[in-house]
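> predicted model follows, preceded by the sequence.
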6 protein chains.
Amino acid sequence: MKSDKSSVAEVLIDALEYMQQFRGQTFVIKLGGEMMVDEKVLDGIAQDLILLSYVNIHPVVIHGGGVEITRAMDRLGKKPTFVKGLRVTDEETMEIVEMVLIGKTNSQIVASINKHGGKAVGLSGKSANLFLSEKKKGEVDLGLVGDIREVNIGVVGALLEKGYIPVISPVGIAEEGTSLNINADTAAAKLAVALKAGKLIILTNVDGVWDAKKKLIERLTVKEAEELIDDGIAKEGMIPKLRASMYAVENGVPAAHIIKGTDHRLIEEVFTSKGIGTMVTKMK
Amino acid sequence: MKSDKSSVAEVLIDALEYMQQFRGQTFVIKLGGEMMVDEKVLDGIAQDLILLSYVNIHPVVIHGGGVEITRAMDRLGKKPTFVKGLRVTDEETMEIVEMVLIGKTNSQIVASINKHGGKAVGLSGKSANLFLSEKKKGEVDLGLVGDIREVNIGVVGALLEKGYIPVISPVGIAEEGTSLNINADTAAAKLAVALKAGKLIILTNVDGVWDAKKKLIERLTVKEAEELIDDGIAKEGMIPKLRASMYAVENGVPAAHIIKGTDHRLIEEVFTSKGIGTMVTKMK
Amino acid sequence: MKSDKSSVAEVLIDALEYMQQFRGQTFVIKLGGEMMVDEKVLDGIAQDLILLSYVNIHPVVIHGGGVEITRAMDRLGKKPTFVKGLRVTDEETMEIVEMVLIGKTNSQIVASINKHGGKAVGLSGKSANLFLSEKKKGEVDLGLVGDIREVNIGVVGALLEKGYIPVISPVGIAEEGTSLNINADTAAAKLAVALKAGKLIILTNVDGVWDAKKKLIERLTVKEAEELIDDGIAKEGMIPKLRASMYAVENGVPAAHIIKGTDHRLIEEVFTSKGIGTMVTKMK
Amino acid sequence: MKSDKSSVAEVLIDALEYMQQFRGQTFVIKLGGEMMVDEKVLDGIAQDLILLSYVNIHPVVIHGGGVEITRAMDRLGKKPTFVKGLRVTDEETMEIVEMVLIGKTNSQIVASINKHGGKAVGLSGKSANLFLSEKKKGEVDLGLVGDIREVNIGVVGALLEKGYIPVISPVGIAEEGTSLNINADTAAAKLAVALKAGKLIILTNVDGVWDAKKKLIERLTVKEAEELIDDGIAKEGMIPKLRASMYAVENGVPAAHIIKGTDHRLIEEVFTSKGIGTMVTKMK
Amino acid sequence: MKSDKSSVAEVLIDALEYMQQFRGQTFVIKLGGEMMVDEKVLDGIAQDLILLSYVNIHPVVIHGGGVEITRAMDRLGKKPTFVKGLRVTDEETMEIVEMVLIGKTNSQIVASINKHGGKAVGLSGKSANLFLSEKKKGEVDLGLVGDIREVNIGVVGALLEKGYIPVISPVGIAEEGTSLNINADTAAAKLAVALKAGKLIILTNVDGVWDAKKKLIERLTVKEAEELIDDGIAKEGMIPKLRASMYAVENGVPAAHIIKGTDHRLIEEVFTSKGIGTMVTKMK
Amino acid sequence: MKSDKSSVAEVLIDALEYMQQFRGQTFVIKLGGEMMVDEKVLDGIAQDLILLSYVNIHPVVIHGGGVEITRAMDRLGKKPTFVKGLRVTDEETMEIVEMVLIGKTNSQIVASINKHGGKAVGLSGKSANLFLSEKKKGEVDLGLVGDIREVNIGVVGALLEKGYIPVISPVGIAEEGTSLNINADTAAAKLAVALKAGKLIILTNVDGVWDAKKKLIERLTVKEAEELIDDGIAKEGMIPKLRASMYAVENGVPAAHIIKGTDHRLIEEVFTSKGIGTMVTKMK
């Protein structure tokens, strides 16, 4: 039996190869809103992020928050309406969205990272016009729902340069200052592309992408992902995650990952050769 | 009659003296929550802040938000309790405080500055442990009410260096990551001291400090301010504003100002010789 | 009636738009020799220049001095000769030219800026071969009259970088060290092009360019300016000013202005929407 | 049984605390000549050094080489003479010392680090007068044996700044250029002090320091170490190692370690709470 | 006989010692007005200055010009008046002083350096308030004669940093912008002290300081120099040169030299062991 | 007769032209192993290198060592074998090669430069993979003889930036860490190309290249050099020197020189117009 002693060094030495490969790179890590429900899960991820930053991989966090938004609306007696999976957003709803995302979810993530010794800085996509957006065009008026027109990464760069871990809420800002509700997966992908990230990692509450037989798919090309969606095998919440991954890898990000956010799988994914979750690449 | 033409140049040339005096300095500007009620007032202040930044005076904004917090609690059927002017803050209240301050008020200020062409970045006092705090000690347990123990200005400095206008919510963070409700005036004063600011400017909805005859006092020394409080002439909301001003000037900030936030009085104060509002200095 | 109070802020806020537009740009400002006759006019311009520098517009001054040169020659009993508007320059004349331009006019401008709190540095075009020139070729030998062959902006850049206001005398230097008399308007234009200036502003003693009916022309394209010269409407001293403006805008400077140097019109031109003097642009 | 999967993340997360504590620090690591005999041992150490550098701990390596020197002398038919443990060093011997240390041992270490993906740079203590020395004074003339008079760390700093791992041979240089044989343990200690190192780590072929009962001592103060030497419990090769450790911790290095160089114990020591080898500190 | 060939290398190798000693230092070199009369002498000095700059010694030139000023006044029919060796300076005289110093002498030196391949930049002491001065106080009103109150070396530093050779005219500026006539030797000494120069070198038209028997004195302490003045052995123009040298060495400049400006003696002085001219030091 | 006095200045002034031409350039200087036999010759070269560095020419030294290697092998009873001028290199030989080159020759050069006041840093081509090599391919297996595949100049650049003089041993390193014996002339040429050197200077023990009549050839084009080799006029050790020179000038180095290393001829070559040795250029 391998002694416990040697295993510590072994693990670290085995991780060397991955440190070497990724050091100096920026990783955009999207935390699904469902990650924040269990404080322990969030704490685990916070440690993972700090570890990345210690080995000179620069994590940039962006989070979702749909569950909490709906809960807050509920409490305020407001009924959410969705059109094709997009939340119809009137002014009052947008106010709730911002309050929940920036004032609660983002704030929790920052607290978790900082209590473990990291230096997180919370930002909304409005700050320094990070996610400069415009109202989504389409047949149905969804209200204050927006599409990102321009990603202004200046402020993120300034924070990374000084060693901070940026934590970003997916709220867009229009030229005239209006807040717009934007999709977190899309925002993560656009951010990864703008930052020339080495990886986009989407942390969620399932193991990854399943095939028709509910078996985890370890690697997917853009083409295969497209087929999974067309064939109706990937559905609902997985579709925007796949689309974001596909967008990222088609625009220069070497790899996107969809993995479960629990049990330090983020760390496992980055620092071991084990296939954790699903990796999407442009080609085989 | 003075022609309109000459007045433009005259105003600018008259302002030269003040630009020369203050350029390169940081000004901490506290926006009372009551400023945010009228969007036009906020827009006016946003322009003033941008103007300051264009003449190389570096504004750092910190805001309050009591009115909005109470309103939000109301709406959620929660009744605020105050002990000696301090809001008793249970966990649920703290969550509302954060949501309102960071998710709403801060967000509005950032939007207003950015729509006028500035580059504002919203931050809470939790980011990078900006306002590292601890639970307030005292006879009565106020819950999650805190005192600032340490101001970590690193992130503010990083943003100023790149020309951003930081907009800060007065939320403290304890070492173990807990959010704490802190007083905005005190936070403004401590921030001004930590940043070695040239001025602390408190924007509010009254003209300044009144004497016993309800006449505006143009200049106050720390000693005189102390007397005004002792004599019961300065009262309620004016007390923490005076205390913050006194703390700032006693700890190295050359001057603190309490002025009305409307009609570009901020600009008038900085760039003309007119006495706007009340100025507090250490000594005559 | 608008109160005087609000107008101060109003003027400043109105100026914001122009500060935003021009900040970070370099403006080359040519002071006609006739500006230096009245000390008050010079003082006004000095204040204007300092104001520009305070709002992060970088002024580079270049001056003329024909009037003073002729006066000095007179006094020394030397009779100036001109061929097609160009001063025939023998060695003794060149010595006088340098003494007047560098030793007197430049020195006066530096003094005026510095006494108002600016940091001006006087330079001749010989320093660090700023205006590397060669003897003008042509049928008539004009003596030490030169054409600029190369503008070496290194020293100007070094001074701008440290926040100084360079004040430059239009004296050229040949490779073998000989001083050459060069035209100030041309030198201003070439300097503006070399510095990639945002504006070339020629301050003179008339309101701007007049049309055939002696009415001020607010805007001119290069083509229109050409016609004004061809038609004999623009004449004498206005011709080199127009030619310099045309050269500048044809070589990348967005706009050139010919305006009267008195009454802070420079400031009016830059910070208001009023049409002061004549603006020359490449196209409509 | 703990699953293999979780242990990878666990080890890394457990190591976080130590990364946080030591990041940014320089560690001086002395490799005993006996480490170089087995290539696998050297390879293990090389990986450890690279890992340190990846987590922003800056290793500076200094090595011994007595065994190899004696072997080389043997081969050349030269008989080593020792006086009180110090090698009597005539010119020919010094030549052999340099050839073995710089040309062989140093070269092997550099090769081992580089083949594992590190960027090692070999240096002798003569380069840029790193170990400026003078002939040892004393009753017996030991020949070219020296004491370090001045440690000039400039070149080491330049290499660390660019991310290189300096590997240093303990050869001193006198002002007149003569090479001097200096003690590797002493050189390591002086280097650690000059570099304000966080740790001095002496890798050797025994587990650490033993007490009178041949039991490993985990922690020693300077005073206790002194006693061990005085009592004759620590002897021979262990004495200079203890003396070097004592010198380092008395001159500002927080801790010195004497540990076995095999099996990645270096990594174990730095990244776990286990007591590996003997740690020497100034006080308890 | 020594071959010509070896002498080239020999001279250079001999100069090594002095290059080593002085590299990185600033030398303030004062050119007496009498140097500028013969163009060849000036050309020789120009080459010397360039050589210094090439071996990383940073020359800062300051010049006199009394002879030329008197000549110019003559020509304009103005009679100079002196009180205790100081020129009584009315406004018209000051204008002539500036024209001659800045517009002629300075300009000639710049031209000479530039034509030999150097990058000289001419400055007056008014630029950026380099020699901030005030009217000399005393019984007799000398008019616009000033004493330096403050040396603002910022602009000189900016130019040195970029490798330029500053050439400075000794004209002072009062706070209110008035030009003041200041003594060139004193200005040189104050400049040397402000720049923490390695040497002050005064180039003149005599071999150095003579003793009572007209023999050149190679070295002088401040005390000995004082005696030479008191005893009336050093007189007239030599007195301010000695006073300047004494002031410099008493305020931190290691050595001051008074040497003849011809035949590259500047170079001989700096790069050989020969005693050229007189060296003044604080003590033996 | 020219006085000795003027000649010192004359030599320095004459050298100005060459300082101007070469300042800021890097010169790669190859010292033949035969240079190291006589300490005085080495000392002379050391002074020359320091002089270059003082006038801002950056020397990078690379040395040979064949003579010493053969001598060391002899002493150890190993008989060298050569195939077409290349040393067959088994593992033991390679060990001797490294010990002699890095541990002895390099070390001597470093000592000589440092004792004259320079700051030399010795490096082998293995450090930071400077000469990343691979085994030479060919019919005959020469053992550990390599060809340079990649020159990684990072470490050389880091040292030059800080003003050190790098002294490099021509030892290559394979990806797997193995040391390889590489040709010093070729290494010098490749280094010169990689560093974009201004000159490659090969110091040897003959005056330069001779023509068929044993007369020194002052200048050679690549084509002419080719012919000299083809015609058998240039032979043996001169061939690799010519090939290295040809490679350098064909790949962007302006000139290569083959000159005798004695009597400061290096200095003569660089700082005078005399033709010392043979200069190879791409074209006439």
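On my side now, so go ahead. Numbering: from 1, shown residues only, chains lettered A, B, ... in the order given.
> flag every buried residue along stretch A:147-157.
Across stretch A:147-157, burial judged by 16 or more other Cβ atoms under 10 Å in any protein chain shown covers A:Asp147, A:Ile148, A:Val151, A:Asn152, A:Ile153, A:Val155, A:Val156. Where C-beta positions appear, they are placed from N, C-alpha and C, glycine not excepted.
> assign a three-state SS to A:Glu236, would you?
The assignment at A:Glu236 comes out as coil when based on DSSP: H, G, I helix; E, B strand; the rest coil.
> let me see the confidence value for the residue lying closest to it once chain neighbours are set aside.
Beyond its immediate neighbours in the sequence, the residue positioned closest to A:Glu236 (Cβ to Cβ, 6 or more residues apart in numbering or on different chains) is A:Gly85, lying 7.8 Å away. We have a pLDDT of 74 for A:Gly85.
> picking that back up, mind picking the two most distant members of the buried residues of stretch A:147-157?
A:Asp147 and A:Val155 (20.6 Å; Cβ to Cβ).
> ok, back up a step: for the residue nearest to A:Glu236, the count of nearby residues, please.
Using other Cβ atoms under 10 Å in any protein chain shown, A:Gly85 is surrounded by 10 other residues.
> A:Ile174 contacts A:Ser133, doesn't it?
No Ile there; residue A:174 is Ala. Yes - contact criterion Cβ atoms under 8 Å: A:Ala174 and A:Ser133 qualify, at 5.9 Å.
> of the two, which one has the most company?
Just comparing A:Ala174 and A:Ser133: by other Cβ under 10 Å the higher neighbour count belongs to A:Ser133, 28 against 20.
> and stretch A:100-120, what's buried?
Neighbour count says stretch A:100-120 has A:100-116, A:118-120 buried, by 16+ other Cβ under 10 Å.
> what is the burial count for the nearest residue to A:Tyr247 once chain neighbours are set aside?
Using Cβ to Cβ, 6+ apart and skipping the chain neighbours, the partner closest in space to A:Tyr247 is A:Ala189 (4.4 Å). Using other Cβ under 10 Å, the number of residues around A:Ala189 comes to 31.
> which SS state does A:Ala189 fall under?
helix.
> thinking again about what came up before, restricted to strands, list the buried residues of stretch A:100-120.
Counted as lying in strands by DSSP state E, out of those, are A:Ala120.
> and the stretch 101-250 of chain A, which of its residues are near chain D?
A:His116, A:Gly117 (Cβ under 8 Å from any Cβ of the partner chain).
> mind listing the helices for the stretch 101-250 of chain A?
A:106-115, A:154-161, A:184-194, A:222-230, A:238-250 (DSSP state H, counting those that start in this stretch).
> could I get the phi/psi values of the nearest residue in space to A:Arg23 that is not next to it in sequence?
Spatially, and ignoring its direct neighbours in sequence, A:Arg23 is nearest to A:Asn56 (4.3 Å; Cβ to Cβ, 6+ apart). Dihedral pair for A:Asn56: phi 60, psi 30, per degrees, to the nearest 10.
> do the same with the one 3 residues further on
The phi and psi values for A:Pro59, taken as degrees, to the nearest 10, are phi -80, psi 140.
> list the contacts of the residue of chain A found nearest chain B.
Closest to chain B within chain A is A:Gly103: 2.7 Å, counting by Cβ to the nearest Cβ. Listed by Cβ atoms under 8 Å, 6 or more residues apart in numbering or on different chains, the contact partners of A:Gly103 are B:Glu98, B:Met99, B:Val100, B:Leu101, B:Ile102, B:Gly103, B:Lys104.
> in these, find the pair that's most separated.
Of all pairs drawn from the contacts of A:Gly103, the greatest distance, 10.1 Å, lies between B:Glu98 and B:Lys104 (Cβ to Cβ).
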